[in-house]
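1. sequence and predicted structure are below.
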Amino acid sequence: MGLINRMRRQNAIYWPPGRPDDYGRQIPGRLVELVLVGTINYRVRWEDRIEEFVDAEGTTHRSNAVVYVPELPDGSEVAVGGFLWLGDRADLTDEAVPGRNPGAFEIRRVDKAPDFKTRYFLRTVYL
């Protein structure tokens, strides 16, 4: 297990981007728990820090947090427009609506870089 996996030690909840309802509002997808499952590490490293980044449209923003995330249990990746929340599922205020949980933020940028041996990837998310 590489350094990238060892540095992720915090549980989190991820809601994938949703689909629009009949009125055009986004309905978030089903939540995914990012936790340790047996010996497989799906946890995150959450750093509350302000960092400037440029989004896909070329606009400069400031992040609320920078989070290092794993590949999801189903093999997919976290995506822009989804939401992340630091903590355990039992502590959620609302499982269906991420915005009702204090500290849940929308993902505004996702970067992915391999380690030197290309065995692990560092996935960086800006909230």
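-> Thanks, I have it. From a predicted model like this one, the values you see are computed outputs, not experimental measurements.
2. which phi and psi does Arg9 have?
-> As for Arg9, its main-chain torsions (degrees, to the nearest 10) stand at phi -130, psi 10.
3. tell me how many other residues crowd the closest residue to it other than its chain neighbours.
-> Leaving aside its chain neighbours, Arg9 sits nearest to Arg43 (5.8 Å; criterion: CB to CB, 6 or more residues apart in numbering). To be clear about C-beta, it is placed using only N, CA and C from the backbone, and glycine gets the same treatment. Other residues within reach of Arg43, judged by other CB atoms under 10 Å, total 21.
4. go on, Gly99?
-> Gly99: 12 neighbours (other CB under 10 Å).
5. SS state for Val110?
-> strand (DSSP: H, G, I helix; E, B strand; the rest coil).
6. secondary structure element for the closest residue to it other than its chain neighbours?
-> In this structure, Val110 finds its nearest non-sequential neighbour in Val125, 5.4 Å apart by CB to CB, 6+ apart. Element membership for Val125 (DSSP states H and E) is strand 121-126.
7. returning to what we had before: show me what contacts the residue nearest to Val110?
-> Val66, Val67, Tyr68, Val69, Val78, Leu84, Ile107, Arg109, Val110, Asp111 (CB atoms under 8 Å, 6 or more residues apart in numbering).
8. circling back to that earlier point, can you give me phi and psi for the residue nearest to Arg9?
-> With angles defined as degrees, to the nearest 10, Arg43 sits at phi -80, psi 180.
9. per-residue pLDDT of Ile4, please?
-> Listed pLDDT for Ile4 reads 75.
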